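Novice: Kindly generate the corresponding structure for this input.
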Amino acid sequence: MGTPRDFENGDYEYYKENQGITKSYYLIIFISSLLISIIGGSMLGWWLHKYHPTNRQLWMVPFGLILLLTPVLVWLSLIISDLCISKKEEEDVLKTNQQRIHPLDESLCAPKEMIL
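Specialist: Below is the predicted model of the structure:
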């Protein structure tokens, strides 16, 4: 993980790349969301084939729609939000969110001199 020192030197790409999320992690998430959508579509197809003429097992329709559309909506919202945030705003947020370590002088947690 990048340190604040690396980011202050202007090495933003190094800081961003070392946040712990790799491209293989994104690929795993994409494949799993694709499988969830395929399961939802298959459930709708199975209901259409087997139960639609008699209008039985109607719980399969909303459940299949949820499985089919939720990953698509999540990916769409992530892509749109990433496009709307400029690099300058992202750098400002990272700068303000960095934790600074301050000494505990005169605080409640600082060790005090023992009075005898």
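Novice: tell me what whichever strand or helix holds residue 73 is packed against?
Specialist: Residue 73 belongs to helix 60-84 when elements are defined using DSSP states H and E. For helix 60-84, the packing partners by 3 or more Cβ pairs under 8 Å, 6 or more residues apart in numbering; DSSP states H and E come out as helix 23-50. Glycine gets a C-beta too; all of them are placed from N, C-alpha and C.
Novice: Could you list every helix and strand in contact with the helix it packs on?
Specialist: On a contact count with 3+ Cβ pairs under 8 Å, 6+ apart, helix 23-50 meets helix 60-84.
Novice: for the helix it packs on, which positions count as buried?
Specialist: 60-61, 64, 67-68, 71 (16 or more other Cβ atoms under 10 Å).
Novice: Show residues contacting it.
Specialist: Helix 60-84 has contacts (Cβ atoms under 8 Å, 6 or more residues apart in numbering) with 30, 33-34, 36-37, 39-41, 43-44, 46-47, 51.
Novice: hang on, the earlier thing: CSV please, covering the buried residues of helix 60-84 and showing pLDDT.
Specialist: Converted to CSV, the buried residues of helix 60-84 look like this (pLDDT from 0 to 100):
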residue, pLDDT
60, 93
61, 95
64, 95
67, 95
68, 95
71, 93
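Novice: ok, and the most crowded of the contacts of helix 60-84?
Specialist: Among those, the one with the most neighbours (other Cβ atoms under 10 Å) is residue 40, at 20 neighbours.
Novice: quick one, what contacts that one?
Specialist: Counting by Cβ under 8 Å, 6+ apart, residue 40 has contacts 63-69.
Novice: again, 10 Å this time
Specialist: Taking Cβ atoms under 10 Å, 6 or more residues apart in numbering as the criterion, residue 40 is in contact with 63-72.
Novice: any idea how far residue 22 is from the residue nearest to it when sequence neighbours are not counted?
Specialist: Ranked by Cβ to Cβ, 6 or more residues apart in numbering and with sequence neighbours excluded, the top spatial neighbour of residue 40 is residue 67, at 2.8 Å. Distance of residue 67 to residue 22, computed by Cβ to Cβ, to the nearest Å: 27 Å.
Novice: Understood, closing this out.
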